[in-house]
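Visitor: I would like to see how this sequence folds:
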Amino acid sequence: MSSSMEKLNSQSASKIPLDNEGKPLKPCCACPETRLKRDQCVLMYGEEKCADVIMEHKECLRKLGFAV
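Guide: Residues are numbered from 1 along each chain as shown. As a prediction, the model looks like this:
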């Protein structure tokens, strides 16, 4: 069982995007432009009215390989 978990972990690790320094990119640091638009919209108008920018940010994260 542990060998299958190790295989799964190594496959997951290989899909994690890297930053400019070669370190694993964290979701909180990815897609800063869409994250800023999303955060500002939610603060000003509420989550319900910002579905389009929320989806735009999620799509950006998915393109980088994050499962959101």
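Visitor: Neighbours of the closest residue to residue 42 other than its chain neighbours, how many?
Guide: Take residue 42 and drop its neighbours on the chain: the residue closest to it by C-beta to C-beta, 6 or more residues apart in numbering is residue 50, 5.2 Å away. C-betas here are computed from N, CA, C, even on glycine. Neighbour count for residue 50, taken as other C-beta atoms under 10 Å: 20.
Visitor: Surely residue 50 touches residue 43?
Guide: No - if you go by C-beta atoms under 8 Å, residue 50 and residue 43 don't touch, sitting 9.3 Å apart.
Visitor: re the thing from before, now do the same contact list for the residue nearest to residue 42.
Guide: Residue 50 is in contact with 38, 41, 42, counting by C-beta atoms under 8 Å, 6 or more residues apart in numbering.
Visitor: where's the last one relative to residue 68, distance?
Guide: The span separating residue 42 from residue 68 equals 16 Å under the rule C-beta to C-beta, to the nearest Å.
Visitor: Show me which of these two is the more surrounded one.
Guide: residue 42 (15 against 11).
Visitor: Tell me the pLDDT of residue 56.
Guide: You'll see residue 56 listed with a pLDDT of 98.
Visitor: low pLDDT regions in this protein?
Guide: Residues of the chain that meet the criterion pLDDT under 70 lie in 1-14.
Visitor: ranges for the strands of it?
Guide: Counting by DSSP state E, one finds no strands in the chain.
Visitor: now the helices for it?
Guide: 2-15, 32-45, 51-63 (DSSP state H).
Visitor: Since that was my last question, I'll sign off now.
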